[in-house]
Every structure is written in structure tokens, then in C-alpha cells.
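Undergrad: sharing a model prediction with you, sequence too.
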Amino acid sequence: MASYGFEGLKQFQAAATYVDRFLRGAKPAEPLQLPTKYQLVINLKAAKAIGLSVPESLLARADEVIE
């Protein structure tokens, strides 16, 4: 019904940067980049199927609403 997490596509794109760093000799103990943007996705169809109503205030904050 709802998901709150990082943008997966951006993280997969950043993987190439990590591979490059390690191939150039960076140590695995060096700090990793953490996700900088998180997104809230709400699936209204799933919520309706289980009989839940989603408040308008939550829908307004969602980055994506699946109808």
C-alpha cells in the first residue's frame, strides 16, 4: 500500500562509481555515499482492495500516487 525508501535507480547508477573507485585502489573502509533523496509512494488501488482510506494530507506529501 505504501513504500518509503531511496530512489533505487539512482543507487544502481552510483554503483559504477563505487566499482571505479575500488578498481583505482580505494579501500573498502572508506565512507560510502548514502542516499540523499527518499520517496514516498502510495498505491491507492491496493489500499482500496483491503478497505483502507488514505488521508488527503498523506497523499499531498507523496512523491508518487498509484491509482
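TA: All right, it came through fine. Since the structure is predicted, the reported quantities are computational estimates derived from the model, not experimental observations.
Undergrad: could you point out which element follows the helix ranked longest in the chain?
TA: The single longest helix within the chain, with elements called by DSSP state H, is helix 8-23. Counting by DSSP states H and E, the element after helix 8-23 in chain order, helix or strand, is strand 38-43.
Undergrad: give me the angle between the least confident helix or strand in the chain by mean pLDDT and strand 38-43.
TA: In the chain, no helix or strand scores lower on mean pLDDT, DSSP states H and E than helix 8-23, which sits at a mean of 83. Helix 8-23 and strand 38-43 are oriented at 140 degrees to each other (axes from the mean of the first three to the mean of the last three Cα atoms, to 10 degrees).
Undergrad: who touches helix 8-23?
TA: 28, 30, 32, 33, 35, 37 (Cβ atoms under 8 Å, 6 or more residues apart in numbering). Every C-beta, even on glycine, is put in place using the N, C-alpha and C of the backbone.
Undergrad: most neighbours among these, which one?
TA: Neighbour counts for the contacts of helix 8-23 (other Cβ atoms under 10 Å) peak at residue 35, which has 13 neighbours.
Undergrad: export the longest helix of the chain to CSV, keeping only CA atoms.
TA: What follows is helix 8-23 as a C-alpha-only set of coordinates in CSV (Å, rounded to 0.1, in the frame of the first residue of the first chain):
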residue,chain,number,x,y,z
GLY,A,8,16.6,2.6,-6.5
LEU,A,9,17.6,3.7,-10.0
LYS,A,10,19.9,6.4,-8.6
GLN,A,11,21.6,3.9,-6.3
PHE,A,12,22.2,1.5,-9.2
GLN,A,13,23.7,4.2,-11.3
ALA,A,14,26.0,5.1,-8.4
ALA,A,15,27.3,1.5,-8.3
ALA,A,16,29.5,2.2,-11.3
THR,A,17,31.2,5.0,-9.3
TYR,A,18,32.0,2.5,-6.5
VAL,A,19,33.4,-0.1,-8.9
ASP,A,20,35.6,2.6,-10.4
ARG,A,21,36.9,3.8,-7.0
PHE,A,22,37.7,0.2,-5.9
LEU,A,23,39.5,-0.6,-9.2
